[in-house]
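# Here is my input, please return the structure:
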Amino acid sequence: MSKHDREQHTLYLKDQIQGLEDVIPEQQEEVDSNQENYEEARERLEQAQTEADELKSHLDEAVARLEGSQEELEEYKRELRDLEDENHKKARLDREEDEEEEGEEGEEDIEGASVIKF
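Okay, the predicted model is just below:
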């Protein structure tokens, strides 16, 4: 390499160094800003995850209460159906007994009427 080439190359390298020295602080500021933004976003994400976990817990509790209420409702409905069935059966038996008693009274009246005729 000639003296002129070396001088040219030296100027080129100095120019490149100066350009990079000018750019590096700007790039460092950009890195710092992005790092800060990232950390803030990560904190918000952690807070959001904590809030989501709390809300999920509330949801799970509400679902459990709902399921318990639904089971209780079904149990009451079953009890009511059983009671109504029992009442219907009792009413039917009472009617049948009343009809039998009326039938027996009717037979007694008929027998009594027969006696009166004689």
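# CA atoms for contacts and neighbours, from now on please.
Noted.
# count of residues packed around Leu20?
Counted with other C-alpha atoms under 10 Å, residues neighbouring Leu20 total 13.
# The residue sitting nearest the centre point of the chain and Val31: what is the separation?
Here the mean C-alpha position of the chain is nearest to the C-alpha of Leu59 (C-alpha atoms, centre = their mean), at a distance of 5.1 Å. For Leu59, the distance to Val31 equals 41 Å [C-alpha to C-alpha, to the nearest Å].
# what pLDDT, on average, does the helix or strand harbouring Glu46 get?
Using DSSP states H and E, Glu46 maps to helix 3-117. Helix 3-117 shows a mean pLDDT of 90.
# next one: stretch 49-57 to chain centre, how far?
Relative to its chain's centre, stretch 49-57 lies at 12 Å (C-alpha atoms, centre = their mean, to the nearest Å).
# now swap in stretch 40-50 and tell me
With C-alpha atoms, centre = their mean as the basis, stretch 40-50 stands 23 Å off its chain's centre.
# Just the buried positions in it, please.
For stretch 40-50, the neighbour count (16 or more other C-alpha atoms under 10 Å) marks no residue as buried.
# now stretch 78-88
So, applying 16+ other C-alpha under 10 Å, stretch 78-88 has no buried residues.
# Off-centre distance for it?
Distance, centroid of stretch 78-88 to centroid of chain: 34 Å (C-alpha atoms, centre = their mean).
# May I have it as PDB, with CA atoms only?
Taking Å, rounded to 0.1, in the frame of the first residue of the first chain, the C-alpha atoms of stretch 78-88 are listed here in PDB:
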ATOM      1  CA  ARG A  78     -87.700 -33.100  42.800                       C
ATOM      2  CA  GLU A  79     -89.100 -32.700  46.300                       C
ATOM      3  CA  LEU A  80     -92.000 -30.700  45.000                       C
ATOM      4  CA  ARG A  81     -92.800 -33.300  42.300                       C
ATOM      5  CA  ASP A  82     -92.600 -36.100  44.900                       C
ATOM      6  CA  LEU A  83     -94.900 -34.200  47.200                       C
ATOM      7  CA  GLU A  84     -97.400 -33.400  44.400                       C
ATOM      8  CA  ASP A  85     -97.300 -37.000  43.300                       C
ATOM      9  CA  GLU A  86     -98.000 -38.100  46.900                       C
ATOM     10  CA  ASN A  87    -100.800 -35.500  47.200                       C
ATOM     11  CA  HIS A  88    -102.300 -36.800  43.900                       C
END
